[in-house]
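Q: generate a structure from the sequence data that follows.
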Amino acid sequence: MLPVVSPCQLCSIPVDRIWIDSEHAIAFAADAPAAEGHIVVVPKERVPSIHALPIAVQKNVWVLLSDVRGRLRTGLTVQVVSDPVAAGNRVSAGSYGWDGAFGTHFWVDPKENVVGILMVQTDNPNRHLDRDFENTVMQAIEE
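A: Predicted coordinates for the structure are as follows:
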């Protein structure tokens, strides 16, 4: 079996990069994808091989992998915010959305019962316009 490498690059993935977060594994876009839509799925527990995980945890990882495959095949590739503070967003936990190639953006915040749609056509590589739009809308909500 291969030794566990330290420090592990997969153990410090920023929260805003995580696409799907399950109990025992995460899925995120690859840094240097071999093909469009290349997603990395890794267990949360540091082990040298998936086979070193308990069977129940292995099954959870395979379920997540199946979920990723299904979403990619159907086009359901949205970002889900599990920790807004860590992600630097003002939306609620559980909010989800999608960023288009030329600046379009939408998000749904089920807790606040808000849907935001931004239809622009501009170069927006850092997605700052999206976050500014979300922040402005969320600041306008009255308790």
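Q: in what helix or strand does Phe28 lie?
A: strand 25-29 (DSSP states H and E).
Q: pLDDT (mean, whole number) over that strand?
A: Averaged over strand 25-29, pLDDT sits at 87.
Q: for the helix or strand immediately after it in the chain, enumerate the helices and strands it packs against.
A: Next helix or strand after strand 25-29 toward the C-terminus (DSSP H and E): strand 39-43. On a contact count with 3 or more Cβ pairs under 8 Å, 6 or more residues apart in numbering; DSSP states H and E, strand 39-43 meets strand 25-29, helix 55-74. Where C-beta positions appear, they are placed from N, C-alpha and C, glycine not excepted.
Q: would JSON lines of these with distance to Asn89 and mean neighbour count be doable?
A: Below are those laid out as JSON lines (distance: least, Cβ to Cβ, whole Å; neighbours: other Cβ atoms under 10 Å):
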{"stretch": "strand 25-29", "distance to Asn89": "16", "mean neighbour count": "19"}
{"stretch": "helix 55-74", "distance to Asn89": "21", "mean neighbour count": "14"}
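Q: would you format those as JSON lines with distance to Lys44 included?
A: What follows is those, written out as JSON lines (distance: least, Cβ to Cβ, whole Å):
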{"stretch": "strand 25-29", "distance to Lys44": "6"}
{"stretch": "helix 55-74", "distance to Lys44": "9"}
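Q: mean pLDDT for these: which is lowest?
A: Minimum mean pLDDT among these: helix 55-74, a mean of 82.
Q: hmm, who's touching that one?
A: Residues from elsewhere that reach helix 55-74 (Cβ atoms under 8 Å, 6 or more residues apart in numbering): 19-20, 22-27, 37, 39, 41, 43, 45, 50-51, 53, 76-77.
Q: out of those, which are buried?
A: Trp19, Ile20, His24, Ala25, Ile26, Ala27, Ile39, Val41, Pro43, Leu53 (16 or more other Cβ atoms under 10 Å).
Q: the third one against Val41, yeah?
A: No. Here His24 does not reach Val41: they are 10.7 Å apart, not a contact under Cβ atoms under 8 Å.
Q: so what strands line up beside the strand holding Phe28?
A: strand 18-21 (antiparallel), strand 39-43 (antiparallel) (DSSP bridges).
Q: all good on my end, thank you.
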